[in-house]
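> here is a sequence with its predicted model. Questions after.
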Amino acid sequence: MSAISVDSLHKSFGSTVALEDLSFTVDEGEVFGFLGPNGAGKSTTINVLLDFVRPTSGNATVLGFDTVTETRAIKQRTGVLPEGTDAYDRLTARQHLEFAIDSKGVEDDPEALLERVGLADSIDIKAGGYSKGMEQRLMLAMALVGEPELLILDEPSTGLDPNGAREMRQIVREEVDRGATVFFSSHSMEQVEAVCDRVGILRDGEMVATDSVAGLRDSVDADTTLRVTVDRIDDDALEAVRTIEDVTDVQVDEGRADPTVVVRCNGSKTAVLSALESNGLEVTDFATEEASLEDVFQAYTTEGST
Amino acid sequence: MSTDSTEAETAPVNAASIQAIARKDFQDAVRSWLFWGLSLFFFMLLVIVAGVVAYFGEDIAAQGATTEALVGIVSNLTRLVIPLVALILGWKAIAGERESGSIKIMLALPHSRTDMILGKLLGRSAVLSLSLVVGFVLAALVVAVLLGGFSVVDYTGLLAVSIIYAIAYLSIAVSLSSLTKSTSIAGAAMFGVFVLFYIVWNAIGTVVLLLMGRGTISGVEVGDGVRPPDWAIFLEMLDPGAAYANVLSLATEAAQADDETLAMQAELFGGDLPFYLQDWFALVVLLFWIVTPLVVAVYRFDRVDL
């Protein structure tokens, strides 16, 4: 059984389409990064999973339960860190956790949970005085109540400094080791690549890519750009490079003082260099530019790309 | 992994959930200045009225009916004040959480939306009841000193009926609050309720008499005079304030009309007082105002996107 299964989900708000035929699954025990720019439909998807909004058509299940008819069963087994919400100003961290513990009918210790997220010092301070980062830690502690089978974290790094973000990732790993599934959304690839097994990229309400982080990296490597500085430009040499299998594009960079050949290929760089040299050119310098995962993310989510 | 939801998990209403929400809401509200202000307000109200009764009411005191006088005067004030307090205490109950987003903290826990409405009403009712009790009990000491003793039964009766009356208005406030995610609109709705029951409803009697004078509607001839038609009187009796005053005569000696007045009233209806002028009907009216708004709110709140 999959932890989350979304099947041809549509959601419109009036005439605005938020989700369009969205389908994906999250396997049990994996860390799934749900990526997309702001407004792509990440929050709407999470809102459907938690029954905060109802699908226009299509359906979704979480831990095998239907999100509309069996929502209480889902929430009993799921820990949620919601995005963009304030904590209850007049309640202390302890009272927040007692509310969650009470609600789930479990026997957790508020102090131990706050210890884990590094907020034990502020246990009896009202949340109204918390910084954004402290609020985020409190929400994470609430999500951890009752050892949930699934954690849904919506933009968990919001308001956290790099140190806090690292601690957040550490806790995610601990939870996965315990056997939990983690589904977390982010608008930045950087935050998810360190911890996610698989990544889904959402754009305009549609999933444009779903792959493992390694798989995405491979698709990036396929488009390595090679910049070769040579002593002169020779058409025969360029033609020789073009005939190499795996080379997708050969250009001369006119903007440089030194003659420079720009080659896009997804195969051996040595083959390109030897083709140039065997045609009598002298290679004085070369550099490879590997697109980062962030570039892939940009490519998938920017208007006009495929 | 569990694949079946238990019976409790599919039920639309869960007592433990309602309790957890009410407890959280109570903890939250009890820390607000509003709560302490209210308690102080009720205390002052009773003490001042007791002072006035003690000062001017020597004759009444001689007849041993001091508490009745106190209850009579206090209930005329609380009839106007309790609705205001309840509307102020309830208007943000749900709209406020939707506006700030904290509703996602609450409903990410295993609670249904119906649980939330009922839990909020229970929590706010507890807050208002507590402030009434605190005010009444503190004042009891002062009242006892000023009046040289008082009837515990009448005093408790007034308190109990006031709490039911308060819950009716809280139910209206919390229900209206669930219909919108804007606290401004919720506030406007509270103002609308105020205008409806304080001005419009009070004007019904006057307007009916006016229209009878112009011959637009015909009254019922009784002996030499004319009384408004049954439906107009029935409508007037649906005002929670009127019901509050009438229920008081069930619970206390104070508002009880003497036999002569009752006989005169009955005379107007050909010997028998119609059901809607009997005291038990007033209690039904108060219960109607508790239940009806909730039914509407539960129906609608369960169907909206949060």
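Good, I have the coordinates. Everything numeric here is computed off the predicted structure, so don't read it as measured data.

> which residues are in contact with stretch B:190-202?
Residues outside stretch B:190-202 that contact it (C-beta atoms under 8 Å, 6 or more residues apart in numbering or on different chains): B:80, B:83-84, B:87-88, B:90-91, B:169, B:172-173, B:176, B:236, B:239-241. For every residue, glycine as well, the C-beta is placed using N, CA and C.

> only alpha carbons, please: show it as PDB.
Extracted C-alpha coordinates of stretch B:190-202, given in PDB (Å, rounded to 0.1, in the frame of the first residue of the first chain):
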ATOM      1  CA  MET B 190     -22.800  40.200  15.100                       C
ATOM      2  CA  PHE B 191     -23.900  43.800  14.600                       C
ATOM      3  CA  GLY B 192     -26.700  42.500  12.500                       C
ATOM      4  CA  VAL B 193     -27.900  40.200  15.200                       C
ATOM      5  CA  PHE B 194     -27.700  43.000  17.700                       C
ATOM      6  CA  VAL B 195     -29.900  45.200  15.400                       C
ATOM      7  CA  LEU B 196     -32.300  42.400  14.800                       C
ATOM      8  CA  PHE B 197     -33.000  41.500  18.400                       C
ATOM      9  CA  TYR B 198     -32.600  44.900  20.000                       C
ATOM     10  CA  ILE B 199     -34.300  47.100  17.500                       C
ATOM     11  CA  VAL B 200     -36.200  45.200  14.800                       C
ATOM     12  CA  TRP B 201     -37.700  42.600  17.100                       C
ATOM     13  CA  ASN B 202     -38.600  45.200  19.700                       C
END
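
> what's the average pLDDT for the one helix or strand B:Phe191 maps to?
Here B:Phe191 is covered by helix B:183-195, with elements defined by DSSP states H and E. Helix B:183-195 shows an average pLDDT of 92 in the prediction.

> and B:Val291, how many neighbours?
Using other C-beta atoms under 10 Å in any protein chain shown, B:Val291 has 12 other residues around it.

> setting aside sequence neighbours, what's the nearest residue to it?
Nearest residue to B:Val291 in three dimensions, chain neighbours excluded: B:Ser171, at 7.7 Å (C-beta to C-beta, 6 or more residues apart in numbering or on different chains).

> just say helix, strand or coil for the one you found.
Assigned with DSSP: H, G, I helix; E, B strand; the rest coil, B:Ser171 falls in the helix class.

> give the contact list for it.
Contacts of B:Ser171 (C-beta under 8 Å, 6+ apart): B:Leu121, B:Trp289, B:Ile290, B:Val291, B:Pro293, B:Leu294.

> list the helices and strands the helix or strand where A:Glu111 lies packs on?
Using DSSP H and E, A:Glu111 sits in helix A:110-117. Applying 3 or more C-beta pairs under 8 Å, 6 or more residues apart in numbering or on different chains; DSSP states H and E, we find helix A:110-117 packed against helix A:93-104, helix A:132-144, helix A:162-178.

> those: which one's closest to chain B?
When the helices and strands packed on helix A:110-117 are compared by C-beta to the nearest C-beta, helix A:93-104 sits nearest chain B, at 3.9 Å.

> tell me what angle the closest one forms with helix A:110-117.
Counting by axes from the mean of the first three to the mean of the last three C-alpha atoms, to 10 degrees, helix A:93-104 lies at 110 degrees to helix A:110-117.

> and the average pLDDT for helix A:93-104 is what?
Mean per-residue pLDDT for helix A:93-104: 95.

> stretch A:10-18 too?
Predicted confidence along stretch A:10-18 averages 90 (mean pLDDT).

> so for that stretch, what gets flagged as buried?
By 16 or more other C-beta atoms under 10 Å in any protein chain shown, the buried positions in stretch A:10-18 come out as A:Lys11, A:Ala18.

> quick one: is it near chain B?
Yes - counting by C-beta under 8 Å from any C-beta of the partner chain, chain B has neighbours in stretch A:10-18: A:Phe13.

> contacts for stretch A:205-224 next, please.
Outside stretch A:205-224, the residues that touch it by C-beta under 8 Å, 6+ apart are A:11, A:17-24, A:33, A:40-41, A:44, A:193, A:196-202, A:248, A:264-266, A:269, A:288-293, A:295-296, A:300-301.

> can you count the residues close to residue 186?
Reading this off chain A. The number of residues near A:Ser186, taken as other C-beta under 10 Å, comes to 22.

> can you look at chain B instead?
26.

> go on, A:Asn279?
Neighbours of A:Asn279 (other C-beta under 10 Å): 16.

> check the one 3 residues further on too.
Using other C-beta under 10 Å as the criterion, A:Glu282 is surrounded by 10 other residues.

> for it, give me its contacts.
By C-beta under 8 Å, 6+ apart, the neighbours of A:Glu282 are A:Val230, A:Asp231.

> state the distance from A:Ile4 to A:Ala60.
Distance, A:Ile4 to A:Ala60, by C-beta to C-beta, to the nearest Å: 7 Å.

> oops, could you answer that again for A:Glu167 instead?
For A:Glu167, the distance to A:Ala60 - C-beta to C-beta - is 31 Å.

> what about these two, which has more around it?
Applying other C-beta under 10 Å to A:Glu167 and A:Ala60 shows that A:Ala60 carries more neighbours, namely 23 against 17.

> select only the buried ones of the contacts of stretch A:205-224 in ChimeraX?
In ChimeraX syntax, the buried subset of the contacts of stretch A:205-224 is picked out as below (16+ other C-beta under 10 Å):
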select /A:11,18,19,20,22,24,33,40,41,44,193,196,197,198,199,200,201,202,264,265,291,293,296,300,301
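
> one step back: name only those of the contacts of stretch B:190-202 that count as buried.
By neighbour count, with 16+ other C-beta under 10 Å, those hold B:Pro83, B:Leu87, B:Gly90, B:Trp91, B:Tyr169, B:Ile172, B:Ala173, B:Leu176, B:Glu236, B:Asp239, B:Pro240, B:Gly241 as buried.

> kindly reformat these as JSON lines containing distance to B:Val52.
As requested, the buried ones among the contacts of stretch B:190-202 are exported to JSON lines (distance: C-beta to C-beta, whole Å):
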{"residue": "B:Pro83", "distance to B:Val52": "23"}
{"residue": "B:Leu87", "distance to B:Val52": "27"}
{"residue": "B:Gly90", "distance to B:Val52": "30"}
{"residue": "B:Trp91", "distance to B:Val52": "32"}
{"residue": "B:Tyr169", "distance to B:Val52": "26"}
{"residue": "B:Ile172", "distance to B:Val52": "31"}
{"residue": "B:Ala173", "distance to B:Val52": "30"}
{"residue": "B:Leu176", "distance to B:Val52": "35"}
{"residue": "B:Glu236", "distance to B:Val52": "29"}
{"residue": "B:Asp239", "distance to B:Val52": "27"}
{"residue": "B:Pro240", "distance to B:Val52": "26"}
{"residue": "B:Gly241", "distance to B:Val52": "22"}
